[in-house]
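Visitor: Next comes the sequence, and after it the predicted model I'd like to discuss.
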Amino acid sequence: MNAISSGGHVLALSGGVGGAKLAAGLAAVIPPERLTIAVNTGDDFEHLGLTVCPDIDSVVYAMAGLNDRQRGWGVVDESWRMMEQLRSLGEADWFNLGDRDLAMHIARSWRLRAGESLSAVTARLTNQLGIAHRVVPMSDAPVRTQVETDAGWLDFQHYFVREQCRPVVKAICFSGTPGAGPSAGLAEALARPDLAAVVLCPSNPFLSVDPILAVDGVRQALLSLKVPRIAVSPLIGGKALKGPLSKMLDELGFEGSNTAIAAHYGALISHLVIDRTDEDGALALRASGLQVTLAETLMKSSEDQARLARDVLTAAGVE
């Protein structure tokens, strides 16, 4: 795949799954010195004494070609002997940790406890996996997504995994904000004089992108930028392919549409990329003053990821 070698720096904001796929696509067509991927850490949590960073791991596995496309998360060719043994010992088994995936959590956790920052640990792990592009956490300070539901306030992973998204969502907050500053990598990318575009990957706006925007100064910095700010809609035909987004839109009083995605981001974005099958809604979006690009946003393969990445960069005017 030929890389796009000129046109300035690109900052991508990503969660897991869909966001990770586009992040990998961008890395396939942009050389390392021209791309920073800032990843949501609101999903992070401590489990069985380990620091688990699901979105960072989804991005890293996708970029390293290790992601399990069929499951949508974790490592390909995974085994589960550790979980089987853990279950036999009567320990919590609601959050699956595969045998290969476990190595990532162990490597991260002991280095964090030794005093390294999440940024430093992430840089080391990506380097060890042969990833040349810069993957950075949104913050080195702990930010934790919490969901208010009809069953009360739940930590994100308890809502998402343990409760399987069943409770009705009423509100979302990000514990640790304000007060959590951007990581050095994110701050540097936002301040780069050669920054050419910001891409909001097709991750859940409420759970994956909003935590990044809640980090001190990030939203304001993005609004002040005089560069294209492009979001890729996570919806196709008004539905999310994975995760609780469609359910959440309904419970929070939004319609399941690209119009709702655009309204949620508001002035933060200047451009929205939507699936070709949603062409009927493009006219209304453009009438609101938003630039709209039609593309094939379903990413089933690495070729799909790279193709969508090129479409996004073309829309941003990045050569």
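Guide: Everything's here; your move.

Visitor: Check what pLDDT the closest residue to residue 36 other than its chain neighbours gets.
Guide: Excluding its sequence neighbours, the residue lying closest to residue 36 (C-beta to C-beta, 6 or more residues apart in numbering) is residue 189, at 4.0 Å. C-beta here means a position set from N, CA and C on the backbone, and glycine is covered the same way. For residue 189, the pLDDT comes out at 98.

Visitor: what helices or strands is the helix or strand where residue 189 lies leaning on?
Guide: In the assignment (DSSP states H and E), residue 189 maps to helix 184-191. Helix 184-191 is packed against strand 9-14, strand 35-39, strand 134-137, helix 218-224, with contacts defined by 3 or more C-beta pairs under 8 Å, 6 or more residues apart in numbering; DSSP states H and E.

Visitor: residues of the longest one that come out buried?
Guide: Counting neighbours by 16 or more other C-beta atoms under 10 Å, one finds that the buried residues in helix 218-224 are 218, 221-222.

Visitor: got JSON lines for those residues, with pLDDT too?
Guide: Below are the buried residues of helix 218-224 laid out as JSON lines (pLDDT from 0 to 100):
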{"residue": "218", "pLDDT": "98"}
{"residue": "221", "pLDDT": "98"}
{"residue": "222", "pLDDT": "98"}
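
Visitor: Looking at the residues you listed, spot the one nearest residue 97.
Guide: Taking C-beta to C-beta as the measure, residue 218 is the one of the buried residues of helix 218-224 closest to residue 97, at 30.4 Å.

Visitor: Work out for me the element residue 259 sits within.
Guide: helix 258-265.

Visitor: quick check: angle from the following helix or strand past that helix to helix 258-265?
Guide: Using DSSP H and E, the helix or strand that follows helix 258-265 towards the C-terminus is strand 271-275. Taking axes from the mean of the first three to the mean of the last three C-alpha atoms, to 10 degrees, one finds strand 271-275 and helix 258-265 inclined to each other by 150 degrees.

Visitor: and strand 271-275, average pLDDT?
Guide: Per-residue scores along strand 271-275 average to 98.

Visitor: Now the residue nearest to residue 129 when sequence neighbours are not counted: phi and psi?
Guide: Spatially, and ignoring its direct neighbours in sequence, residue 129 is nearest to residue 64 (4.3 Å; C-beta to C-beta, 6+ apart). The phi/psi pair for residue 64 (degrees, to the nearest 10) reads phi -90, psi 0.

Visitor: got the contact list for residue 64?
Guide: By C-beta atoms under 8 Å, 6 or more residues apart in numbering, the contact list for residue 64 reads 126, 129-131.

Visitor: Just the buried residues out of those, in PyMOL syntax.
Guide: Buried subset of the contacts of residue 64, written as a PyMOL selection, criterion 16+ other C-beta under 10 Å:
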select buried, resi 126+131
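
Visitor: which one of the contacts of residue 64 is nearest residue 91?
Guide: residue 129 (28.4 Å).

Visitor: Would you mind confirming that the closest one makes contact with residue 62?
Guide: No - at 11.1 Å, residue 129 does not count as touching residue 62 under the criterion of C-beta atoms under 8 Å.

Visitor: where does the stretch 201-319 of the chain have low pLDDT?
Guide: For the stretch 201-319 of the chain, applying pLDDT under 70 flags no range at all.
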